[in-house]
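> after the sequence you'll find the predicted model.
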Amino acid sequence: MRLALAFAAALFAAGATPAAAAPPVKIGYAISMTGPFAPAARTQLNAYRLWADQLAAQGGLDVGGVKRPVKFIVYDDQSDFAKAPQLYEKLITDDKVDLLLAPWGTPFHFAIVGVLEKYQFPVVGNSAASVTIRDIKPGNIWFTTSEIPDRMAAELVKFMKKENVKTVAVNTLQLPFSLEVKKFLMPDMASAGLKVVVNDDYAPDVKDMTATLTKIKAAAPDAVLSLSYPPDSIIFIKEARQLDIKSPFQLVLVGPTDYLFTKMFGANLDGIVTMGHWVPNQPKWPKAKAFYNAYMKKYGEPPDYLDSALAWMSIEVLQQAVKTAGLDKAKIRHAISTETFDTIDGPVKFKGVENVITPTMFLQFQKGRPQIVWPGSDATARFEPKPEWTK
Amino acid sequence: MTLLRLEDVGKSYGGVAALRGLSFAVGPGEIVGLMGANGAGKTTAFSLIAGTQRPSEGRIWFDGKRIDGKPAYAVARLGIARTFQIVRPFAGLTVIDNLVIAALYGRLRERSRGAAEARAREILAEVGLAADATRPAETLTLAGRKRLEVARAVAAGPRLLLLDEVLAGLTASEVAEALDMIRALHRRRRLTLVVIEHVMRALTQLCQRIIVLHHGAKIAEGSPAEVVVDQRVIDAYLGTRKL
Amino acid sequence: MTRQGWQTGLVLVAATALAAALPLALGTYSLGVALDLMMWIALAESWAMFSGLSGYVSLGHAVFYGVGAYVTVLLWQVLPLWFSVPLGGLTAAALALLLGWPCLRVRGPYFVILTLGISEFIKYAVISTEAALGRNGRLLIGTPSLTVLFEAMLALAVLSMAVLQIVRSARLGAGLLAIREDEVAAEAVGINATAVKLSAFAMSAFIPGMVGGLMILRSTYFEPMQAFSPTTSFTIVTVAILGGSDTVAGPLLGSLFLVLLSELLWTRAPEVYMIILGVLLVAFVLFVPEGLVGRAGRFLRAPKPGPSSRDHRAVVIEP
Amino acid sequence: MEEVADVSLILSPQLLAAALVLAAFYALIAIGLNLVYGAMRLLNVAHGELVMLGGYIAYWGFARWGISPLISAVFAVAAGALLGVLLYATIIRRLFRSTRMLARVEANSLLVFFGVSVVIQNVMAVAFTADQRGFSYMDGVLTIGSVRIEENRLLALAIATVACVACALFFRYARSGMAMRAIIQQREAAALVGIDVDRINIQVFALGFGLAALAGTLVSMTAQISPFMGFPFTVSAFVIIILGGLGNLLGSILGALMLAAVEVYGAALISPSFRSILVYGVFIAALLLRPQGLLGRSIAAR
């Protein structure tokens, strides 16, 4: 409904500009609006909708120097990976969209790579990162994140070494992204001389982690790495607090950046390290605060520092590419592959599928706010050992 | 010469004996009655012969082959068909389909559906259900279902037919008709029958020989005339009945 | 019956020929929808062949779909597809034999829940296996074109209808129906219930195995949570029962209905699409309980309504 | 690198506490499911959605108006019961309309409830968005001996235990509780001895749905909720009632304890990655070895 209003507003606004004669630019995407992934996809979807509002307010999208109205075509993939490629195929062949935005999550990005290659349709991916995709060298998808598992593993090990971590417990969810992170992490930790004291995997429908966490508590490692997704990240944090796991370095892979965690855990989130490379208060990134404020204004709560920010970055990349290259696919592809983009996360430039400018970073919650604590060059705060859990 | 022979057959459920040391033989073409009060073990005996249950002890021969312990379908294919005391038609299927299935799977294992249907129609005519052939079985009256139960058993092409109280619950005139039907089947299809019945008069009319069970054991065997005067039978069984 | 059978056969051949020509007429998207339609037909007809006829409601057919997909993915670029996809079907059938042996001893709700449980069990076993292998999602680049997949799926859909029709009119179908009505009585007329159920269960797994293989080539991405999703099982049952689950026409109509309805709804009302689907499902069960094909669930011919429909079998609990 | 599982973990009271809390949720959910199955042979695959609804009521009460989940629980039970009654009166009763319908009531109920679950999930998603939600209530950590436990968990355990005991007493002593048991044992006979089966059915729906909603309020105090959270609970509840025996109400409690033990101790002794394999493995084994359930009172299947 909100979306329909946005279209209407977009069209109305377009009508007021001189470019009214130009046909609308069709922008499509499919994302999980129902089904088990819908909750996790919300913060990305919010960023997309915010963009639709802004385009409407600005009177359209700048296409090679001409402002044109936009029309969004949005589908629900029903949290079904098998639907995603069909829907993107429909958007490309049936709806004949001019531009595509990415779906939510690593598996969905995986799922559409085949279709994008088949139709040579460029998409700037966001909430996904995978060495597997990088290895097949696709030419039509890029990742705004710098958290590709092998890079992240290497940085995490350096980070832990610097913080004097000697022993590590790893607890991993059996889904592609977290497993890929672990796959690169284990050998890196071994060669860096970090000792793994607990190493458990768990299946996606876990309801209780007491067994693993009791082992971790007994082993008292310097670092606990919870390679988890939001639902199980919640279980981890709750039970780690309950068992009073005192490790000074505690990483929770995916979830804490979603504002839900702040609402649920408040001060208990302090000290938790998580993946992410964006915060609104980094002075080097002038656009960051504006995005934060706009999101805050529309939704009444802060964006997800991970998914919302990545989604917004992908929009910025696409928008800037279209501004110079127009709607021609080959030109867009060329622009994305070669240009440097100015985003809320600083400059972004791709080599292959990867964002090669933004360093791999880690965030830590301090006094209720995420801060960049690694690497030192971009840090907005210094790492602090995990404070005591509240009683 | 015997078609069916039981030797010391017994069945117990968790220590309680439902049937003990039962032995008897049935010759080809005979009609033998099985009599006894409720719980005397009659239906158990049928279940053991038909393979619905396995005997705890003893041996059963049919046509010279050991059949105890064989599963029900295998026994049926050898040529033993049974009816159930509480009828079990394939309720959702038509009357004729009930028979067609038996003809396809029973001893005859009819090759084609056409042949099975022809056989089914023939039997339906014999049991007086020809007009009801295409009705769903569940729409038949009780008497109709009893007939269907017999007809389906016959359609399997048995040499030995075990009839379990097919007359129970019928009115007097229905009983007479059913008896005629059974006799006709016996004659025309050269069947051997073992019959369980509560209706005393019917049993004595129908059978050449009667076996009386009491508390799971055989207490008498002989012609109807002999059995009804047997003192043990009178004590154990007839004594409990209001004649 | 035979003349009618011939006519039906002719119509079917003509329809198949027409369908086979669809790729010439349809755009990519519509062809994708047609592929989906063929998929549901193939799955639901296969399901009906076992569950519709025997009354053993399998809520685990996703496992056969998933296993077929997994075999095809494992053998991707190892063996040619014309070999690996049928091998997926055979593996699914073999799995059905293996599972059926213990499972088919329980009936009614136990069977329903057991099949659901087993399919979840195998799903998680595959997840663990993939994790242990260090495979984090598998991408297949360079799969056959949509047209090829459509023609293959059409062949499976036709095959599944033919199998159901043949089984229905053969001894096996008679045995299954007897088992559905009364298993003890069925054994008493010579039906080896175990053998009949097992062979039918295995047959009903074969085509879904191949469907899974084709669909994974279509989606180009294999992830066990998805490939073995219980939603597939639920949808198969829904489609088959919407149509009327023991005739060839039933699952066909059910699939048509579901696919067309979802096409109609999901673009126009994406957020209420699922709600409408749910409401329709409930309405169908309540008001069209015998499915779209009506009371065509009879074995040889449509029954003439009997003069009385007194029923002694069941007790009505309603006052 | 793989360390051997520490057997001393079995003796950890922390694990016992975790298992008990999990079992308490499971038991509440499973009893309701088993009641509805036992009395009417209905496969309620929408049961988990009631848990979800209960969770939302507690969440909204707390987030919007600061109402304690303990008070919301009362409303949740009432709302669940009301929904149960409505569902029974408008839909379920029709499943028993004719003998033909009755013969396929299990398959039909599966489809109807599947439809209902899809509707409930998506209505909630449309009305309240698909966002995950969670709140913190009584999240202080208590130390009891060597066990550390959040207050809300302890509270949930206590409430669930009280509710289970109350149910047991109700089935044992209350008139309608006894009638419910009678119907579960022998539907036809129950009707013959003068039990108004339809009325009891309504009560069964009210009680079963109310219990699930209550479980939902307790779950929401300890975990996050979303409109699509229900299905795993449904599956677990089915596993439990099969373990404990369909129609056997006390068996449900035993089954819940078993499932929770398998989850918690299985993870401790073998590996958490085998959690689901273990759960379903135990379930399949139990079903094949003792199809009548652990406590043995069997209900003839069909």
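Thanks, I have the structure now.
> now the strands for the stretch 1-150 of chain C?
Taking DSSP state E, counting those that start in this stretch to define them, one finds strands in the stretch 1-150 of chain C at C:138-139.
> how about the residues of it near chain A?
The stretch 1-150 of chain C has residues C:27-30, C:32, C:36, C:124, C:127-128, C:131, C:134, C:136-137, C:139-141, C:143 near chain A, with proximity defined as CB under 8 Å from any CB of the partner chain. For glycine as for every other residue, the C-beta is placed from the backbone atoms N, C-alpha and C.
> wondering if the helix ranked longest in chain D reaches chain A at all.
Longest helix in chain D, counting residues (DSSP state H): helix D:13-40. Yes - using CB under 8 Å from any CB as the criterion, contacts between helix D:13-40 and chain A involve D:Gln14, D:Leu15, D:Ala17, D:Ala18, D:Leu22.
> run a quick neighbour tally on the second one.
Same thing as D:Leu15. Neighbourhood size, D:Leu15 [other CB atoms under 10 Å in any protein chain shown]: 21.
> wait, it touches A:Met209, no?
No - using CB atoms under 8 Å, D:Leu15 makes no contact with A:Met209, being 11.1 Å away.
> wait, what's in contact with the closest residue to B:Thr52 other than its chain neighbours?
In space, and not counting its chain neighbours, B:Thr52 is closest to B:Ala72: 5.0 Å by CB to CB, 6 or more residues apart in numbering or on different chains. Shown in contact with B:Ala72 (CB atoms under 8 Å, 6 or more residues apart in numbering or on different chains): B:Ala50, B:Gly51, B:Thr52, C:Val184, C:Glu187, C:Ala188.
> also A:Lys284?
Shown here is A:Lys284, whose contacts under the criterion CB under 8 Å, 6+ apart are A:Gly346, A:Asp378.
> just to revisit the earlier point, so which elements touch the longest helix of chain D?
The elements that helix D:13-40 packs onto, with contact taken as 3 or more CB pairs under 8 Å, 6 or more residues apart in numbering or on different chains; DSSP states H and E, are helix A:210-219, helix D:47-65, strand D:147-150, helix D:151-173, helix D:175-185, helix D:197-222, helix D:230-244, helix D:249-269.
> tell me if the third one is near chain A.
It stands for strand D:147-150. Yes - for strand D:147-150 and chain A, the contact criterion (CB under 8 Å from any CB) is met by D:Arg148, D:Ile149, D:Glu150.
> export those residues to TSV and tack on pLDDT, distance to chain C and neighbour count?
Rendered in TSV, the data for these read as follows (pLDDT from 0 to 100; distance: CB to the nearest CB, whole Å; neighbours: other CB atoms under 10 Å in any protein chain shown):
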residue	pLDDT	distance to chain C	neighbour count
D:Arg148	89	30	18
D:Ile149	90	29	22
D:Glu150	90	28	22
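> can I get the residues you listed in JSON lines with distance to chain B?
Listed next are the residues of strand D:147-150 next to chain A as JSON lines, based on distance: CB to the nearest CB, whole Å:
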{"residue": "D:Arg148", "distance to chain B": "50"}
{"residue": "D:Ile149", "distance to chain B": "46"}
{"residue": "D:Glu150", "distance to chain B": "50"}
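> pick the one among those closest to B:Val199.
Within the residues of strand D:147-150 next to chain A, proximity to B:Val199 (CB to CB) peaks at D:Ile149, which comes in at 71.7 Å.
> what residues are up against the closest one?
If a contact means CB under 8 Å, 6+ apart, then D:Ile149 has A:Gln242, D:Ala17, D:Val21, D:Val141, D:Leu142 as its contacts.
> identify the bridge partners of the fourth one.
Listed by DSSP bridges, the beta-bridge partners for D:Val141 are D:Glu150.
> now do it against chain C, distance only.
Here D:Val141 is placed at a distance of 32 Å from chain C (CB to the nearest CB, to the nearest Å).
> so A:Pro36, which state does it fall into?
Under DSSP: H, G, I helix; E, B strand; the rest coil, the three-state class of A:Pro36 is coil.
> return the residues in contact with it.
For A:Pro36, the contacting residues are A:Ser79, D:Phe228, taking CB under 8 Å, 6+ apart as the criterion.
> now the one 10 residues further on
With contacts defined as CB under 8 Å, 6+ apart, the neighbours of A:Asn46 are A:Tyr295, A:Lys298, A:Tyr299, A:Pro303, A:Ser308.
> mind checking which helix or strand it is in?
In this structure, A:Asn46 is located in helix A:38-58 according to DSSP states H and E.
> CA atoms only for that helix, dumped as PDB, please.
Written as PDB, here are the backbone C-alpha positions of helix A:38-58 (Å, rounded to 0.1, in the frame of the first residue of the first chain):
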ATOM      1  CA  ALA A  38      10.700 -11.900   5.600                       C
ATOM      2  CA  PRO A  39      11.600 -10.600   9.100                       C
ATOM      3  CA  ALA A  40      15.300 -10.500   8.200                       C
ATOM      4  CA  ALA A  41      14.700  -8.900   4.800                       C
ATOM      5  CA  ARG A  42      12.700  -6.000   6.300                       C
ATOM      6  CA  THR A  43      15.600  -3.600   6.900                       C
ATOM      7  CA  GLN A  44      16.800  -4.000   3.300                       C
ATOM      8  CA  LEU A  45      13.300  -3.500   2.000                       C
ATOM      9  CA  ASN A  46      13.000  -0.400   4.100                       C
ATOM     10  CA  ALA A  47      16.000   1.100   2.400                       C
ATOM     11  CA  TYR A  48      14.500   0.300  -1.000                       C
ATOM     12  CA  ARG A  49      11.300   2.000   0.000                       C
ATOM     13  CA  LEU A  50      13.100   5.000   1.300                       C
ATOM     14  CA  TRP A  51      14.800   5.400  -2.000                       C
ATOM     15  CA  ALA A  52      11.400   5.200  -3.800                       C
ATOM     16  CA  ASP A  53      10.200   8.000  -1.600                       C
ATOM     17  CA  GLN A  54      13.300  10.100  -2.300                       C
ATOM     18  CA  LEU A  55      13.100   9.600  -6.000                       C
ATOM     19  CA  ALA A  56       9.500  10.600  -5.900                       C
ATOM     20  CA  ALA A  57      10.400  13.800  -4.000                       C
ATOM     21  CA  GLN A  58      13.200  14.600  -6.300                       C
END
